[in-house]
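[1] Coordinates only, no sequence provided:
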């Protein structure tokens with residue numbers, strides 16, 4: 001019993017720190033009663049060795065003890081992390097306790113008793129609208145009601161109150177509001193910085209210039225409610241119409257006249273006319289574009305990164321931004337600014353390696369300090385560098401990598417998908433790879449976002465000009481233009497054919513003089529050694545009919561005939577397996593080491609014949625007469641100096657993962673035997689083995705699923721607490 005108690009106590013110390021006992025009760029022997037589902041539970045302090053307490057009872061007392069708004073979790077030391085079963089038990093206990101207290105309708109991960117994750121709050125019924133504003137005025141809070149303030153404190157059913165409050169007064173104003181009384185009067189609380197869930201969809205509600213204009217001009221009206229002056233009110237309402245509402249406001253657009261959709265209960269155009277008359281502002285162009293031009297005259301328009309946020313839900317901004325991106329298309333689409341945050345500086349070498357391996361050439365690596373760091377902070381992510389959906393914040397901008405991709409991976413359709421305004425999907429994949437790599441090195445309690453990157457030519461140009469200056473931004477544009485010209489080839493690539501194109505792009509080319517359809521492979525400047533490997537391997541093994549002939553070549557490209565109606569390899573026949581073996585033996589005898597050559601580098605043509613492709617990593621070695629230790633079948637040691645793709649290493653089951661389901665023979669048979677009868681016999685046995693194996697429960701998948709559930713539970717609990 002003592003040993004069991006020590007294990008449980010150790011787990012508690014790992015999760016909650018060493019000073020938790022007195023948060024449960026005032027003294028070590030005191031118990032805390034709690035009602036849960038009609039039952040009363042007592043939880044004695046674990047410091048009292050004469051008392052035996054269950055972990056679930058202690059968690060209930062810790063989480064739901066009277067007077068405590070929430071519970072605090074500390075990140076456990078990595079070496080003392082609880083085991084899987086105990087962690088799941090603890091997590092589900094916390095979930096069940098919170099469901100009993102809050103009600104099943106709140107959901108498993110309800111955070112209604114914590115600070116909200118949006119700007120929406122509610123005025124408690126006992127306080128009332130008039131009492132709420134009286135409290136703000138009495139405390140001297142710097143705030144302003146943004147719209148429809150003349151009728152307050154009376155509010156029509158279904159309406160809400162939109163407030164802008166200074167950053168210094170945000171917490172006081174929030175203390176007057178409730179986060180879960182949805183039957184009361186709703187209030188949307190915004191601040192100039194947008195921090196602490198006072199922003200709009202993750203960014204500032206207004207630009208700093210407009211927020212300052214509204215707050216500095218606000219004054220108390222006849223009804224006791226502070227409001228902006230007529231000029232600030234007009235520009236604030238115009239900004240709301242253009243960037244928050246768009247076509248939904250019922251105001252026409254010159255560029256997109258067919259997109260008018262009026263879904264609001266307010267007549268925004270009439271209200272804008274009245275506000276412009278009171279402020280003596282020349283509002284003659286009654287269109288969304290006219291309002292946008294007026295906002296630009298006051299420096300009240302959002303930056304390009306803000307437009308990307310607005311464009312997700314605002315069809316007018318989306319259409320305008322897509323039109324601008326099409327006009328700006330060019331070499332700058334391949335330039336990306338990767339901004340590493342403070343907590344990611346420790347991973348800089350790994351981040352640089354991942355960026356390079358993804359296909360980017362790093363043009364410059366720049367630490368960010370002082371004015372440059374401030375400019376980077378205010379000109380990206382809408383000025384919001386908080387933790388976002390992660391438990392821990394990545395910090396402010398600390399380092400900049402300027403990367404160049406001469407073969408941008410353009411999206412299939414701009415304006416759609418998870419990244420609607422990204423003109424290079426390689427950037428998004430690289431960001432995800434970096435974040436996953438860094439978070440795998442950290443506890444799930446400490447996951448964070450270590451990197452941000454620009455998405456298109458407009459955003460990278462704006463960022464480089466703001467942080468590095470117009471001259472250096474122009475230099476990067478000139479480099480991108482020169483690099484784009486260097487990779488231009490004739491015949492040109494007219495249609496890309498799959499692949500990640502980290503080292504080269506493969507695509508259909510214009511037909512040659514004889515009309516034969518061709519495929520052209522164009523290499524990046526940093527990977528011309530792969531082009532040399534391709535040419536040499538094809539030269540040594542040109543006698544094999546499975547290798548396509550070279551039709552043309554240049555300094556960074558070569559072309560071959562197009563394989564019409566090509567099919568992926570599903571499995572080798574015994575004859576085909578022997579042909580592959582003969583090819584590998586010929587390469588070994590010629591002193592050519594076949595690296596990264598697997599069945600995925602082969603095709604069947606329309607007649608069913610084998611075709612060998614992709615010899616980028618074939619390298620010279622000592623001639624050998626055997627396939628023993630061949631990198632194609634055994635992989636490479638991590639310490640090997642030979643070129644290889646990433647990742648490509650020696651695995652315990654390398655052959656099983658890359659070859660067995662195609663050859664259906666063990667590796668020792670493939671290496672040592674050349675008998676077609678032997679291959680046929682082993683393929684029959686292997687098919688029977690795979691049928692039995694496929695009918696068995698997927699234990700590994702079940703374990704992986706449990707591990708993912710555990711990580712997700714931990715992450716969501718910490719996100720809820722972080723709020």
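    It's in. All values reported here derive from a predicted model rather than from experimental measurement.

[2] When you work out contacts or count neighbours from here on, use the C-alpha atoms and nothing else.
    Fine.

[3] List the buried residues for the longest helix that the chain contains?
    Longest helix in the chain, counting residues (DSSP state H): helix 699-722. For helix 699-722, burial by neighbour count (16 or more other CA atoms under 10 Å) applies to 710, 711, 713, 714, 715, 716, 717, 718, 719, 720, 721, 722.

[4] what do you get for stretch 129-146?
    129, 131, 132, 133, 136, 137, 141, 142, 143, 144, 145, 146.

[5] taking these one by one, which sit in helices?
    Short answer: those in helices (DSSP H) are 129, 131, 132, 133, 136, 137.

[6] Pipe these into a markdown table and attach distance to residue 409 per row.
    Output for these, formatted as a markdown table (distance: CA to CA, whole Å):
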| residue | distance to residue 409 |
| --- | --- |
| 129 | 53 |
| 131 | 57 |
| 132 | 53 |
| 133 | 53 |
| 136 | 53 |
| 137 | 55 |
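
[7] From these, pick the one nearest residue 430.
    Relative to residue 430, the closest of these is residue 136; by CA to CA it sits at 47.4 Å.

[8] Who are the packing partners of the longest helix of the chain?
    Identification of packing neighbours for helix 699-722 by 3 or more CA pairs under 8 Å, 6 or more residues apart in numbering; DSSP states H and E yields helix 84-102.

[9] circling back to that earlier point, can you name the two of the buried residues of helix 699-722 that are farthest apart?
    Maximum pairwise distance in the buried residues of helix 699-722, criterion CA to CA, is 18.4 Å, between 710 and 722.

[10] any weak-confidence spans in the stretch 1-150 of the chain?
    Residues of the stretch 1-150 of the chain meeting the criterion pLDDT under 70: 1-117.

[11] one step back: from the chain's centroid, how far away is the longest helix of the chain?
    18 Å (CA atoms, centre = their mean, to the nearest Å).

[12] Quick one: find the helix or strand in the protein with the lowest mean pLDDT.
    The helix or strand of the chain with the poorest confidence is helix 21-24; it has a mean of 33 (mean pLDDT, DSSP states H and E).

[13] Correct me if wrong: residue 143 contacts residue 218.
    Yes - with contact defined as CA atoms under 8 Å, residue 143 counts as touching residue 218 (7.5 Å).

[14] what touches both of those two?
    Common neighbours of residue 143 and residue 218, using CA atoms under 8 Å, 6 or more residues apart in numbering, are residue 226.

[15] and the spatially most central residue of the chain, what is it in contact with?
    Residue closest to the average C-alpha location in the chain (CA atoms, centre = their mean): residue 432, at 5.4 Å. For residue 432, the contact set (CA under 8 Å, 6+ apart) is empty.

[16] same check, this time on residue 676
    Shown in contact with residue 676 (CA under 8 Å, 6+ apart): 574, 575, 578.

[17] and those residues, which are buried?
    Burial by neighbour count, 16+ other CA under 10 Å: within those this picks out 574, 578.

[18] Could you report the neighbour count for the nearest residue to residue 614 once chain neighbours are set aside?
    Spatial nearest neighbour of residue 614, chain neighbours left out: residue 601 (6.0 Å); criterion: CA to CA, 6 or more residues apart in numbering. Look at residue 601: counted by other CA atoms under 10 Å, it has 14 neighbours.

[19] phi, psi of residue 189?
    For residue 189, the backbone dihedrals (degrees, to the nearest 10) come out as phi -100, psi 120.

[20] From residue 121, how far out is it?
    7 Å (CA to CA, to the nearest Å).

[21] where along the stretch 101-250 of the chain do the helices fall?
    In the stretch 101-250 of the chain, helices defined by DSSP state H, counting those that start in this stretch lie at 128-138, 170-175, 208-217, 230-239, listed in chain order.

[22] Let me fix that, I meant to ask about the stretch 551-700 of the chain.
    Applying DSSP H, counting those that start in this stretch to the stretch 551-700 of the chain gives helices spanning 574-589, 631-634, 654-655, 661-663, 667-672, 676-695, 699-722.

[23] pLDDT averaged over the longest one, what's the number?
    Model confidence over helix 699-722 averages 75 on the pLDDT scale.

[24] before we move on, the earlier item: including distance to residue 271, could the helices of the stretch 551-700 of the chain go into CSV?
    Formatted as CSV, those follow (distance: least, CA to CA, whole Å):
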stretch, distance to residue 271
helix 574-589, 76
helix 631-634, 72
helix 654-655, 70
helix 661-663, 70
helix 667-672, 78
helix 676-695, 68
helix 699-722, 40
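
[25] who wins for proximity to residue 460 among these?
    Of those, nearest to residue 460 by CA to CA is helix 699-722, at 30.6 Å.

[26] Which parts of this protein belong to which domain?
    For the chain, automatic domain parsing gives the domain ranges 2-106, 120-322, 331-481, 493-561, 567-695.

[27] and the fourth one, what's its mean pLDDT?
    For domain 493-561, mean pLDDT is 86.
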